[in-house]
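# missing the sequence, but the structure's below:
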């Protein structure tokens with residue numbers, strides 16, 4: 001639908017992201033309408049966790065959005081390197097829930113929440129982006145009734161079936177995003193979109209504690225509540241989910257989410273020490289880095305390696321303690 005460029009506002013010396021609409025305005029009027037609606041949605045927001053729109057420009061029948069440039073990795077890129085520590089996953093989700101609370105208050109549903117649409121800045125801010133398929137409940141629908149819109153693996157059951165949706169559909173997608181962040185894999189898998197849709201409708205996914213045993217039960221419970229098939233069994237709104245996430249984080253962090261995420265990004269080598277020290281003191285960076293390091297999940301292969309080392313050590317100790325016996329046995333066998 002669009003191509004994004006990195007640009008520079010020369011007079012202000014400010015980097016920006018320029019999103020160019022690729023659709024032919026004469027042939028694809030629906031895409032043009034979606035592009036304009038995304039701009040209108042972003043223009044309505046004033047929130048630190050939603051990317052800021054500076055301008056909408058039309059030139060030679062082509063539309064361009066001039067937006068805040070986010071200098072940092074996407075959540076998708078971070079997950080590809082390995083599951084996030086529980087506290088990091090909760091901190092990111094809490095900020096997304098805060099952004100959704102702001103959007104839903106303005107009657108806008110994102111409908112395409114996924115790791116690729118979330119970025120982390122070098123200052124530890126979480127940015128929600130790409131409202132290209134967002135729905136303004138106060139405007140006429142662009143999609144025919146019964147048609148599914150979104151990315152299959154992250155869609156809610158009501159999106160899959162084409163049923164009416166509200167803000168709770170975004171909370172289901174946030175639950176999917178959290179599950180993937182913490183486990184390193186999506187909850188609903190299949191060989192094709194049809195199989196994925198069937199599993200979503202049935203709520204057929206492995207419990208998080210079986211896939212990622214390092215995740216505390218309190219956090220896993222938040223994820224599973226968001227993933228309930230029936231909307232009325234999920235959180236009633238984004239504010240309620242945000243409060244539970246913040247209650248989970250409160251006794252664990254001892255610092256702001258932003259400071260903690262700067263430490264995590266430094267631990268993952270997504271920013272240099274000097275970039276991190278632009279926001280934290282050396283002592284704060286050390287504390288944040290230690291928190292991120294201590295909460296990092298243990299990889300399965302490391303567990304097997306540790307088990308092998310323990311077993312090998314036990315065998316070695318046993319052989320050493322019975323050395324006189326087996327040496328004598330070997331000598332007798334050799335004589336025979």
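Happy to help now that I have it. Only a predicted model underlies this, so the values are computations on that prediction, with no experimental measurement involved.
# can you list contacts of stretch 184-191?
79, 82-83, 153, 176, 179-180, 195-200, 204-206, 208, 211-212, 227 (CB atoms under 8 Å, 6 or more residues apart in numbering). C-betas here are computed from N, CA, C, even on glycine.
# hey, where'd the helices end up in the stretch 201-336 of the chain?
Per DSSP state H, counting those that start in this stretch, the stretch 201-336 of the chain carries helices over the ranges 208-211, 217-226, 238-253, 257-267, 273-277, 282-294, 300-321, 323-335.
# and residue 55, that's in a helix?
No: with DSSP: H, G, I helix; E, B strand; the rest coil as the criterion, residue 55 is located in strand rather than a helix.
# any low-confidence regions in the protein?
For the chain, the stretches with pLDDT under 70 are 25-27, 132-150, 294-336.
# relative to residue 75, how far out is the residue nearest the centre of it?
The chain has residue 115 as the residue nearest its centroid, 4.2 Å off, counting by CA atoms, centre = their mean. Distance, residue 115 to residue 75, by CB to CB, to the nearest Å: 4 Å.
# shared neighbours, those two?
Common contacts of residue 115 and residue 75, defined by CB under 8 Å, 6+ apart, comprise 177, 181.
# for residue 54, give me its contacts.
Contacts for residue 54 (CB under 8 Å, 6+ apart) come out as 16, 66, 67, 68.
# what does residue 236 give?
residue 168.
# swap in 10 Å and give it another go.
Contact analysis of residue 236 by CB atoms under 10 Å, 6 or more residues apart in numbering lists 167, 168, 171.
# CSV for the residues you listed, including secondary structure and distance to residue 35?
CSV is the format used below for the contacts of residue 236 (DSSP: H, G, I helix; E, B strand; the rest coil; distance: CB to CB, whole Å):
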residue, secondary structure, distance to residue 35
167, coil, 23
168, helix, 27
171, helix, 26
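# what's the burial count for residue 193?
14 (other CB atoms under 10 Å).
# spatially nearest residue to it (excluding sequence neighbours)?
Excluding the flanking residues, the one nearest residue 193 by CB to CB, 6 or more residues apart in numbering is residue 152, at 4.6 Å.
# and the one you found, how far from residue 31?
Note on residue 152: its distance to residue 31, by CB to CB, is 20 Å.
# break this protein down into its structural domains.
When the chain is parsed with automatic domain parsing, its domains come out as 2-68, 75-294, 306-335.
# residues contacting residue 238?
96-105, 167-168, 170-171, 174.
# ditto for residue 270
The contact partners of residue 270, by CB under 10 Å, 6+ apart, come to 72, 73, 77, 78, 81, 120, 122, 262, 264, 276.
# so what's the backbone phi/psi at it?
Here is the backbone geometry of residue 270 (degrees, to the nearest 10): phi -90, psi -10.
# got the phi and psi for residue 163?
Taking degrees, to the nearest 10 as the convention, residue 163 sits at phi -80, psi 160.
# wait, it sits on residue 169?
Yes: if you go by CB atoms under 10 Å, residue 163 and residue 169 touch, sitting 9.4 Å apart.
# looking at those two, which one has more neighbours?
More crowded of residue 163 and residue 169, by other CB under 10 Å: residue 169, with 24 against 13.
# how long is stretch 12-31 from one end to the other?
31 Å (CA to CA, to the nearest Å).
# buried ones in it, by neighbour count?
16, 17, 18, 19, 21, 23, 31 (16 or more other CB atoms under 10 Å).
# nearest residue to residue 202 other than its sequence neighbours?
By the measure of CB to CB, 6+ apart, the closest residue to residue 202 outside its immediate chain neighbours is residue 229, 7.4 Å from it.
# neighbour-wise, give me the winner out of the contacts of residue 236.
The most crowded member of these, judged by other CB under 10 Å, is residue 171 (26 neighbours).
# thought residue 154 was touching that residue, still the case?
No: using CB under 10 Å, residue 171 makes no contact with residue 154, being 11.8 Å away.
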